[in-house]
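J.: just a sequence and a predicted model for now, questions to come.
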Amino acid sequence: MDAYRFSGGTAVVTGAASGIGAALAGLLAARGSNLVLVDRDGERLDGVAEQVRRDHPQLVVDTYVVDLSDDAATDAAAEELAAAHPGTTLLVNNAGVALGGRFDQVTLEEFDWVMAVNFRSVVRLTHAFLPVLKAHPGSHLVNVSSVFGIFAPAGQVAYSASKFAVRGFSESVRHELAENGVGVTVVHPGGIRTRIAETARTGSGVSAEEYEQGRKQFAKLLRMPPEQAAAQIVAAIEKRRPRLLIGASAKIPDVLVRLMPGGYWKLIARSAAR
């Protein structure tokens, strides 16, 4: 496929109120994309949108506030956005949440909350926008998975399940959309310094001591600035890369899983303990 052309098209970005999503908004606008920014945090979302409008007054920047953990609300938002923005040529499913705790420490409701945001919203938005993207050959779809969509650590069962699902969904959809001239990139970020640690929930069966220990360990992994990750995603979109690993914290586990598919966890756990 030819390189993706940003200028003149409309990009829909979820999770756009902070982190990678907010950084993407600025970079996509700098490339000439009109924007539709989606998030549940209306106040932060308005701040991101206003900054883009000040920097790029020639562009159209719309916002949409929705809680993607609500399936019915997501369906309504997806249908409304697709109808209102027929010029969309780029959809970035970036929104994500985290839940700490072993499987026996989380409720099914807590587990389902993660799946709703991280996976089902990706499916719903992609399904709604497929006719729009296919109507514009040369369009592109980006789904953000995680390094935990490559390997599955203990204590992150819901998050890993959702991100592995995003990975499989994206790869299959990529094969289907090739004949329509629509590119698909699945992104596996490593430790990106976003608000996901702040907004993460903890399973109701996790003790206060376990929670604090897990929070500190998780925070230590988040090192790369979101702007740097967003720049790599924009480059991957332009080059039509099918898969993007961001940072050594994603690239090294990817190699380990390939070399030791049944035994990588022992090595990673040992390294983490040190």
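T.: Thanks, I have the structure now.

J.: all strands of the stretch 151-274 of the chain, in order?
T.: In the stretch 151-274 of the chain, the strands defined using DSSP state E, counting those that start in this stretch lie at 183-189, 201-202, 243-246.

J.: what sits up against the last one?
T.: What that stands for is strand 243-246. 147, 150, 185-190, 192, 224, 229, 232-233, 236, 251, 254 (Cβ atoms under 8 Å, 6 or more residues apart in numbering). The way it works is simple: take the backbone N, C-alpha and C, and place the C-beta from them, glycine included.

J.: most surrounded residue in the residues you listed?
T.: Compared across these, P189 has the highest neighbour count, 30 neighbours, by other Cβ atoms under 10 Å.

J.: what is the burial count for the residue lying closest to it once chain neighbours are set aside?
T.: The shortest distance from P189 to any non-neighbouring residue, by Cβ to Cβ, 6 or more residues apart in numbering, is to I246 (4.4 Å). As a burial measure, I246 scores 25 neighbours (other Cβ under 10 Å).

J.: who touches stretch 144-153?
T.: Everything outside stretch 144-153 that qualifies as a contact, by Cβ under 8 Å, 6+ apart, is 15, 20, 92-94, 96, 156, 159-160, 163-164, 166-167, 170, 186-191, 245, 249-250, 253-254, 256-257, 264-265, 268.

J.: below-threshold pLDDT in the stretch 151-274 of the chain: ranges please.
T.: For the stretch 151-274 of the chain, residues meeting the criterion pLDDT under 70 lie at 192-200, 208, 211-222, 272-274.

J.: okay, helices next: where are they in it?
T.: Using DSSP state H, counting those that start in this stretch, the helices found in the stretch 151-274 of the chain span residues 157-177, 196-199, 208-221, 226-239, 248-259, 264-273.

J.: what's the closest of those helices to D41?
T.: helix 196-199 (9.1 Å; Cβ to Cβ).

J.: before we move on, back to that, next, format the strands of the stretch 151-274 of the chain as TSV and append distance to V106.
T.: Shown next, in TSV, are these (distance: least, Cβ to Cβ, whole Å):
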stretch	distance to V106
strand 183-189	23
strand 201-202	9
strand 243-246	27
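
J.: can you tell which of those strands is closest to T107?
T.: Comparing those by Cβ to Cβ, strand 201-202 comes nearest, at 10.8 Å.

J.: counting contacts, what elements does the closest one pack onto?
T.: The contact analysis (3 or more Cβ pairs under 8 Å, 6 or more residues apart in numbering; DSSP states H and E) places strand 201-202 against strand 99-100.

J.: adjacent strands (with direction) for the strand it packs on?
T.: strand 201-202 (parallel) (DSSP bridges).

J.: can you list the residues that contact the strand or helix carrying R53?
T.: Element membership for R53, per DSSP states H and E: helix 42-55. With Cβ under 8 Å, 6+ apart as the test, helix 42-55 has contacts from 16-18, 22, 25-26, 29-30, 35, 37-39, 59, 61-63, 65.

J.: tabulate the helices of the stretch 151-274 of the chain (TSV), appending distance to W113.
T.: Compiled in TSV, those are given as follows (distance: least, Cβ to Cβ, whole Å):
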stretch	distance to W113
helix 157-177	8
helix 196-199	12
helix 208-221	17
helix 226-239	23
helix 248-259	25
helix 264-273	25
